[in-house]
Structures are given as structure tokens and as C-alpha cells.
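Student: What shape does this take:
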Amino acid sequence: MIDIALFDEHKLVLEGISGLLSGITDIRIVLHCDNRDVLTEKLKSMQIHVLIMNMHDISVRNLNLIVQLNITIPKLKILIISVIDSEEIVLKTIKAGAKGFLGKDSDRNSLLEAIYTLRNGHDYYSKSITHLLLNRYISSLKADEMNQNTDIGNLSSRQIEILKLWGESYTNQEIADRFFISVRTVESHKNHIMQKLNLKSTVDMVKFAIKNNIIEI
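Tutor: Now for the predicted structure:
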């Protein structure tokens, strides 16, 4: 049996969501609440699996409520329902601790799927929210790739060669012998590489070389 709590400041909405869940044999609504203070107190003394919060605005007050509930009742899974499904809003609720978000494209089947998914320990987002988050992830990957290409462009051909050899475990002396330069010059090149790429250590240099296919593993 999955025990559900419903929160909305509009009683009609509470009745509507409750009606959508009526008749489901393994779902039991044990709490209807339209007051956030009462909600917090009651949840402390009840074993609720999923809290469904319908939010008409994602205010700081509502986000703080999610954070507070996550701290006081860490096992509680919070599912947000909202017609406000902008990228910024969704990410703020996730950061606050919500485990699911149903946007305006959701229906009764989405609601049921979300409840079962959260109860099984997984996050759930409706199709529009998943698409939104996926687009953000792809944009982030593209931005990282552009930054990496820019970083590589800051290096001279000789610095890239030295970075490649260093990543392949050549010693400073071996690199110096290969290019007929001094060990001090090799060290100077490595320092300049780290400065240009804003790296902290030679380990970071190797990681950068692997990530940008300068060396292979």
C-alpha cells in the first residue's frame, strides 16, 4: 500500500486530485492539507510515502517548504505538480529536493506512473520536463566542448606535443632529448600549459589530455 499526502492551498484542487486517485487499490490517501504549517506538523507523525504538492507559484516560500521537509523527513518523496514548467523553475525544485515534477502536459496516467516510480526509489518527470532537462544537458555538453576547443587553441603546437608526451609517461629528460632542449625549458613549457588551461597539477594536465583526445588510454 502506498500512502499519499496531498497539499494545495485550494480545496477544490485537493478534491480533484483525490478523485483522480480514487479506486486505485494499492494507493491510499491519508492526508489532505491546505495549510503548510499543519502539513509540516502532521507529516512528522505520519509515515507518508509520497507527498503530492500542487504549486500555483514556485516562490521562495514554497521552495523552502520542500527543503524543510527533506531535512525533517528524508525518506519522503515529493512530487510537484505545476503549470509553471520553465527550466529555471524545474531546476530550482530539483535542487530543493523534489523527486518528481509533472508539467501541464500530464494526465492521470502520468500521475499514477509518477507515484509508482517515486515509491520504487526513482525520480520521475513528465515528457515535457524530461525534454527540457535533456535539452539543457545537450546544451551543457556543447558548451563544454566549445570551451575545451578554445582551451586547446590557446596552446602552441610544441606545447601540445609536450603535453602528449607527458601524458604518455615520458620523463622531462626524455622530452628534452627528443626536442633537443633543456629540462628547464620542458618545465617552463609545462608551467605555461598549466597557466593557459588554468590547471592546478600535472595530474590535471593528464586528465585534460585524455578528455581532449590528445592521448589515448
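
Student: care to break this structure down by domain?
Tutor: If you go by automatic domain parsing, the domain ranges for the chain are 2-129, 144-211.

Student: Average pLDDT for the longest one, rounded please.
Tutor: Confidence over domain 2-129 (mean pLDDT, whole number) is 89.

Student: First-to-last residue distance for it?
Tutor: Here the two ends of domain 2-129 are set 24 Å apart, with distance taken as CA to CA, to the nearest Å.

Student: Secondary structure element holding residue 113?
Tutor: helix 108-119 (DSSP states H and E).

Student: Which neighbouring elements make contact with the helix or strand just after that helix?
Tutor: Proceeding C-terminally, helix 108-119 gives way to strand 124-125 as the next helix or strand, assigned by DSSP H and E. If you count contacts as 3 or more CB pairs under 8 Å, 6 or more residues apart in numbering; DSSP states H and E, strand 124-125 packs onto strand 100-102, helix 108-119. C-betas here are computed from N, CA, C, even on glycine.

Student: Report the distance from the first one to the chain centre.
Tutor: The chain centroid and the centroid of strand 100-102 are separated by 14 Å under CA atoms, centre = their mean, to the nearest Å.

Student: now, of the helices and strands packed on strand 124-125, which is deepest in the fold?
Tutor: Mean neighbour count, computed with mean count of other CB atoms under 10 Å, is highest for strand 100-102 among the helices and strands packed on strand 124-125, reaching a mean of 26.

Student: Okay, helices next: where are they in this protein?
Tutor: 11-21, 36-44, 60-72, 87-96, 108-119, 127-153, 157-167, 172-179, 183-197, 202-211 (DSSP state H).

Student: With distance to residue 52 as extra columns, can I get those in JSON lines?
Tutor: Below are the helices of the chain laid out as JSON lines (distance: least, CB to CB, whole Å):
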{"stretch": "helix 11-21", "distance to residue 52": "6"}
{"stretch": "helix 36-44", "distance to residue 52": "12"}
{"stretch": "helix 60-72", "distance to residue 52": "12"}
{"stretch": "helix 87-96", "distance to residue 52": "13"}
{"stretch": "helix 108-119", "distance to residue 52": "8"}
{"stretch": "helix 127-153", "distance to residue 52": "15"}
{"stretch": "helix 157-167", "distance to residue 52": "52"}
{"stretch": "helix 172-179", "distance to residue 52": "62"}
{"stretch": "helix 183-197", "distance to residue 52": "47"}
{"stretch": "helix 202-211", "distance to residue 52": "42"}
